[in-house]
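here's a sequence, model it:
(chains A and B)
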Amino acid sequence: MRIWAYGDDVNTDMLFPGKYTYTCATPEEIKPHLLEDLDAGFASQVKPGDVIFAGSNFGCGSSREQPVVGFKAVGIAAVVAGGFARIFYRAAINQGLLLIECPDAVGAYRPGDTVELDIAAGRIRVNDTDFTFPRLPAEILKIRDAGGLLAYTRRKLERTKEKP
Amino acid sequence: MNRTFAEKLLARKAGVESVVPGQVVICRPDRLLMHDNAAAIFGKIAAELERYGPADPDLPVIVLDHVIPAASEKTATNHQRIRTVVERHRLPNFFDVGIGICHQVMLEQELVRPGMLAVGSDSHTCSYGAVNAFATGIDRTEAAALLLTGETWFKVPETIRINLRGSLGSMVTAKDLILFIIGRLGADGATYKSIEFHGDIDRLTFDDRFTIANMSVEMGAKNAVFPFDDVTQTWLESIGVPRDSYEPVQADAEAACDAVFDFDLTDVVPAIAAPHKVDNYRPVSELAGTEVQQCLLGTCTNGRLSDLELAAGILQSRQVAPGTRLLVAPASRRVLKQAIEQGIISTLIEAGATLLPPGCGPCLGAHQGVLAPGEKCLSTANRNFKGRMGCTEAEIYLASPATVAASAVFGKVTDPREMT
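Residues are numbered from 1 along each chain as shown, chains lettered A, B, ... in the order given. Below you'll find the predicted structure:
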């Protein structure tokens, strides 16, 4: 598991440039441009299971969901940050991407440290120290656990509506 | 019980007596805004749309504005797909290329009114707080789900109250004020919060309120709102919306807030958000003399008649400096028509401006004014992130229409108060 670490206020233009927003929509189109203007090596080197560590206000700026869709597609296990911008946070729930708000863990992390995630227990370990993170409200957790909002919605529609 | 705007409106829309911050409620928004991204949104649920149809055809509002007219076969095909779906499901609220920028159109076309709940797949949806609505941005996936179900969850936000006192000075605008506020609170100073503006707001025009609400997302706000007052009512009447067709929501003065800030408008000076963050506040005087190769007047933030009029007043009988491009993108066809009728467009063109269609233009780097390495652009837009206008080695400085107009004359950042 590789940790990709960034600072505060990483905005969605840095995560996925605006000039591609109307020409790249599928995961395959998005993946090559992830973090293009922030970290040129990310797109080609990221592996499933990698984790992103960041400071406060991660994902601020435009509501574009391509960064979240892209992270899910390349297999990012979680984004651990000091704080998240709210549209990005919602987008993550909607894609089933795990976001962990834990400023203490981010503050404790230094490049090279070992990190372990225990999602079920709500715990993240940096070297020898455990940090806990809050659980989502139940109503929202079921969306993420369903695999994202569209999966959740499809199931709901099948249950409640009849074919015309 | 004293309640904030957010608490009152979300309780009303959730159909419950009252709510508290942190509570999650399910609501049916009155409007769902989409723009060029509707192609991708429809694409996600093509099968479901065929099978179930939209939950409410009147819910979505689709405005083509981001890449207009189409700049490539890809963007042209996106637009074509949108038109096909609009026709297929007889969606009534569709605004094709050239009608205007989505947020301007939403308000001009009476689609959002006081007391409404509006969401949009665009972060500047918060603009509609100017008309006493609860308006907030969401992502494409949520927009898609909303099309099918008509409802979504909202977590009731805490509120920040911002009290404004006094009046803005000559050549000092609402844009300078909001840049100042964002500089003070910081890019995450209002994250997840509902911002209520109070105080001497009767001194602010409707256009001023639009600009201020529009940029509130740049402090992380969930939504921003102005109380309903005579300014709101007069503006609504001017576009033919009768008073009995809406029910405003007014916050209680004594409602508990997370924080209160007081700002004196007389302290505000012409401002700039320097590269590459919106909270990188500088008084214009600090950056005066910086050479700029491109000036942009327009966008949802400052593309209205009053913005163009202010700029034209400065550019009257003057010329844009050689080596500097002044791009003008009116926020809507209606604004453009009014500006033509009032001679504003002539003045701008005589001065050397290049007129762009009513749309987002170069704001997001997709077309019509992309920058080259080393270039600096002074812009009335709302974001100056690195690479935002299509080039990571270019720099974007945000400012008011007055500052942009004055600076275009000299090709350098100029305090508009120096233009006599």
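
so which bits of the worst-scoring helix or strand of chain A on mean pLDDT are buried?
Here the helix or strand of chain A ranked lowest by mean pLDDT, DSSP states H and E is helix A:138-145, holding a mean of 88. Across helix A:138-145, burial judged by 16 or more other Cβ atoms under 10 Å in any protein chain shown covers A:140, A:143-144. Just so you know, the C-beta spots here come from the backbone N, C-alpha and C atoms, and that holds for glycine as well.

export these to a markdown table and tack on distance to chain B?
Output for the buried residues of helix A:138-145, formatted as a markdown table (distance: Cβ to the nearest Cβ, whole Å):
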| residue | distance to chain B |
| --- | --- |
| A:140 | 6 |
| A:143 | 8 |
| A:144 | 12 |
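
how close does residue B:149 get to residue B:396?
For residue B:149, the distance to residue B:396 equals 38 Å [Cβ to Cβ, to the nearest Å].

so residue A:14 is in which element?
Under the criterion of DSSP states H and E, residue A:14 resides in helix A:12-15.

got a list of what the nearest residue to residue A:149 once chain neighbours are set aside touches?
Distances taken as Cβ to Cβ, 6 or more residues apart in numbering or on different chains place residue A:94 nearest to residue A:149, at 4.0 Å, with adjacent residues excluded. Neighbour list for residue A:94: A:65, A:68, A:143, A:148-150, B:139, B:141-142, B:145 [criterion: Cβ atoms under 8 Å, 6 or more residues apart in numbering or on different chains].

circling back: packing partners of the helix or strand following the helix holding residue A:14?
Where DSSP H and E defines the elements, the next helix or strand beyond helix A:12-15 is helix A:27-30. Here helix A:27-30 touches helix A:66-74, going by 3 or more Cβ pairs under 8 Å, 6 or more residues apart in numbering or on different chains; DSSP states H and E.

any part of the helix it packs on near chain B?
Yes - using Cβ under 8 Å from any Cβ of the partner chain, we find that helix A:66-74 touches chain B at residue A:68.

shouldn't residue B:318 be within a strand?
No - under the criterion used here (DSSP: H, G, I helix; E, B strand; the rest coil), residue B:318 is coil, not part of a strand.

compute the inter-axis angle for the top helix by length along chain A and helix A:138-145.
When chain A is parsed with DSSP state H, its longest helix is helix A:149-160. Interaxial angle, helix A:149-160 versus helix A:138-145 (axes from the mean of the first three to the mean of the last three Cα atoms, to 10 degrees): 110 degrees.

how far out from the middle of the chain is helix A:149-160?
In terms of Cα atoms, centre = their mean, to the nearest Å, the centre of helix A:149-160 is found 23 Å from the chain centre.

and that helix, which residues are buried?
Quick answer for helix A:149-160 (16+ other Cβ under 10 Å): A:149-150, A:152-154, A:157.

same thing with stretch B:224-234?
B:224-228, B:231-233.

which one of these sits closest to chain A?
residue B:224 (13.0 Å; Cβ to the nearest Cβ).

nearest residue to the closest one other than its sequence neighbours?
Of all residues not flanking residue B:224 in the chain, residue B:216 sits nearest, at 3.4 Å (Cβ to Cβ, 6+ apart).

hmm, that neighbour is touching residue B:222, no?
No - the criterion here is Cβ atoms under 8 Å, and residue B:216 misses it with residue B:222 at 9.1 Å.

what score does the spatially closest residue to residue B:112 that is not a sequence neighbour have for pLDDT?
In space, and not counting its chain neighbours, residue B:112 is closest to residue B:128: 4.5 Å by Cβ to Cβ, 6+ apart. On pLDDT, residue B:128 comes in at 98.

and the gap between residue B:342 and residue A:155?
Relative to residue A:155, residue B:342 is positioned 55 Å away (Cβ to Cβ).

wait, I meant residue B:109
From residue B:109 to residue A:155 the distance is 36 Å (Cβ to Cβ).

residue B:113 now?
For residue B:113, the distance to residue A:155 - Cβ to Cβ - is 34 Å.

repeat that for residue B:262.
In terms of Cβ to Cβ, residue B:262 sits 49 Å off from residue A:155.

also residue A:24?
Residue A:24 is 28 Å from residue A:155, by Cβ to Cβ.

now do residue B:184
46 Å.

ok, back up a step: tell me which residues touch the residue nearest to residue B:112, please.
B:103, B:106-107, B:112, B:116, B:118, B:135, B:213.

so where's the chain shaky on pLDDT?
No chain in the question, so chain A it is. A:162-164 (pLDDT under 70).

sorry, back to before: compare residue B:149 and residue B:396 (neighbour count), which wins?
residue B:396 (29 against 21; other Cβ atoms under 10 Å in any protein chain shown).

how far away is the nearest residue to the more buried one once chain neighbours are set aside from residue B:371?
Nearest residue to residue B:396, sequence neighbours excluded (Cβ to Cβ, 6+ apart): residue B:384, at 3.8 Å. With the distance defined as Cβ to Cβ, residue B:384 ends up 11 Å from residue B:371.

joint contacts of those two?
By Cβ under 8 Å, 6+ apart, the residues touching both residue B:384 and residue B:371 are residue B:396.

neighbour count for these two, which is higher?
Between residue B:384 and residue B:371, residue B:384 has the larger neighbour count (other Cβ under 10 Å), namely 25 against 22.

does that one touch residue B:398 like I think?
Yes - with contact defined as Cβ under 8 Å, residue B:384 counts as touching residue B:398 (5.1 Å).

common neighbours of those two, please.
The contact sets of residue B:384 and residue B:398 overlap at B:273, B:278 (Cβ under 8 Å, 6+ apart).

neighbours around residue A:110, how many?
Residue A:110 has 9 nearby residues by other Cβ under 10 Å.

my error: substitute residue B:19 in the last question.
By other Cβ under 10 Å, neighbour count at residue B:19 equals 22.

please report how far it lies from chain A.
For residue B:19, the distance to chain A (Cβ to the nearest Cβ, to the nearest Å) stands at 13 Å.

how about the secondary structure of that residue?
Assigned by three-state DSSP, the conformation of residue B:19 is coil.

shouldn't it be in contact with residue B:156?
Yes - between residue B:19 and residue B:156 there is a contact under Cβ under 8 Å: 4.8 Å.

now for these two: what residues contact both?
Looking at what touches both residue B:19 and residue B:156 (by Cβ under 8 Å, 6+ apart), the common residues are B:7, B:10, B:25.

helix/strand/coil for the first one?
To tie it back to what came earlier, the one meant is residue B:7. Look at residue B:7: counting by three-state DSSP, its state is helix.

I'd guessed residue B:75 sits against residue B:36; true?
Yes - if you go by Cβ under 8 Å, residue B:75 and residue B:36 touch, sitting 7.1 Å apart.

gap between the residue lying closest to residue A:78 once chain neighbours are set aside and residue A:77?
Spatial nearest neighbour of residue A:78, chain neighbours left out: residue A:98 (4.2 Å); criterion: Cβ to Cβ, 6+ apart. Using Cβ to Cβ, residue A:98 is found at 7 Å from residue A:77.
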